[in-house]
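Undergrad: take a look and give me a structure for this.
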Amino acid sequence: MKRNFKRLIEHNKWFKKVPNALTLCNSLCGFGAILYTLHVYDSPREPEIVLAISAWIILFAMVFDALDGFAARIFNAGSMHGLQMDSLADMITFGVAPAIVVAVMAHSMRDMKPYQYFIVWAFCAIYLGCAALRLATYNVHAILEKKSGNKFTGLPSPGAAAAVCSLVIFYSTKKGEMEQIVAVLPLYAATLGILMVSNIPYTHVGRWLFSVRRNKKRLFILFIVLIAIYYSPIPMIVLVINAYIFSGPFIAILVRLGLLSEQPPVPVLEVKHNHSDTTKI
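TA: Numbering: from 1, shown residues only. Sure thing, here's the model as predicted:
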């Protein structure tokens, strides 16, 4: 049966188009998030609700971002065209869209002076520029066929976008009570951008999850996290995502202080879908 399925895939060109179709859905989610974010100025909804919906759209795009890699492996549809398309989609959804959400959130909820507008623009520009640099550098490494291990070098772009979106959604659940989030989010976005192009190792979440069946300690950690998310979904999701963000610098500091053994160097920035035997977060 497995042989028949493989033969069906090889003789049906439409299966080869599935990964790119999923990648296109990823980019369309990013485009939708951008358009909905701009709707904040004329929407009858509260601004924080509009921005939270945009954030959820970006998070939903991560489903397509994960599925395109799975489909590429199942249908043996890896290609350089898919590689480039995937990075372009990620740039829209995890680069441009979060930067616009942060900028619009700051502009629409705070009375700012002209120089403050420039500061917000600069912080968002850092995030956007670093996302572009990361994805472009990945493409170069992928073309040179450098493979990844169980770690990323630098924060993955979906992780950075998830961190931004988690805080936007958390702010919306507090009915605008936590103004500090609006104040610090542009700076946090710039920090995430710098982490994306850093040499700090980050755990490959996908491979970590696949390893839990063989690792009782990780299985226990996952069980505790899922229970906590069940009882307090939004706060725990925010905590888990941002704990992952800060885990990289924290572990790097421990290594520098000699309190933790140094991990072997990782030759590639990110693991993408439409290239030979690769996966993505």
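
Undergrad: rest of the way, CA atoms for contacts and neighbours
TA: Noted.

Undergrad: what about I200, neighbour count?
TA: 21 (other C-alpha atoms under 10 Å).

Undergrad: strands of the protein, residue ranges please.
TA: With strands called from DSSP state E, the chain shows them at 151-153, 201-203.

Undergrad: which of these has the lowest mean pLDDT?
TA: Among the strands of the chain, strand 151-153 carries the lowest mean pLDDT, a mean of 81.

Undergrad: could you pull up the residues touching the closest residue to L59 other than its chain neighbours?
TA: Nearest residue to L59 in three dimensions, chain neighbours excluded: A162, at 6.5 Å (C-alpha to C-alpha, 6 or more residues apart in numbering). Residues in contact with A162 (C-alpha atoms under 8 Å, 6 or more residues apart in numbering) are 58-59, 241.

Undergrad: who wins for most neighbours among those?
TA: Counting by other C-alpha under 10 Å, top hit in those: I58 with 29 neighbours.

Undergrad: pretty sure that residue is touching L28, no?
TA: No. At 9.9 Å, I58 and L28 do not qualify as touching, with contact defined as C-alpha atoms under 8 Å.

Undergrad: that older thread, among the strands of the chain, show me which one is buried the most.
TA: Among the strands of the chain, judged by mean count of other C-alpha atoms under 10 Å, the one packed with the most neighbours on average is strand 151-153 (a mean of 25).

Undergrad: sheet partners, orientation included, of that one?
TA: strand 201-203 (antiparallel) (DSSP bridges).

Undergrad: if I look at the nearest residue to Y117 once chain neighbours are set aside, how far off is P186?
TA: In this structure, Y117 finds its nearest non-sequential neighbour in H107, 7.4 Å apart by C-alpha to C-alpha, 6+ apart. According to C-alpha to C-alpha, to the nearest Å, H107 stands 11 Å off from P186.

Undergrad: now T93
TA: Relative to P186, and taking C-alpha to C-alpha, T93 is found at 17 Å.

Undergrad: tally of neighbours for L260?
TA: 12.

Undergrad: can you give me the pLDDT of R110?
TA: Looking at R110, the pLDDT reads 73.

Undergrad: how many other residues sit next to it?
TA: By other C-alpha under 10 Å, the burial measure for R110, its neighbour count, is 11.

Undergrad: and the one 10 residues further on, by the same measure?
TA: Residues within reach of V120, counting by other C-alpha under 10 Å, total 24.

Undergrad: which residues sit in contact with it?
TA: If you count contacts by C-alpha under 8 Å, 6+ apart, V120 has them with 103, 106, 186-187.

Undergrad: okay, those residues in a markdown table with distance to A125 and neighbour count next?
TA: A markdown table is the format used below for these (distance: C-alpha to C-alpha, whole Å; neighbours: other C-alpha atoms under 10 Å):
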| residue | distance to A125 | neighbour count |
| --- | --- | --- |
| A103 | 10 | 22 |
| A106 | 14 | 22 |
| P186 | 10 | 27 |
| L187 | 11 | 19 |
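
Undergrad: what's around I194, how many residues?
TA: 19.
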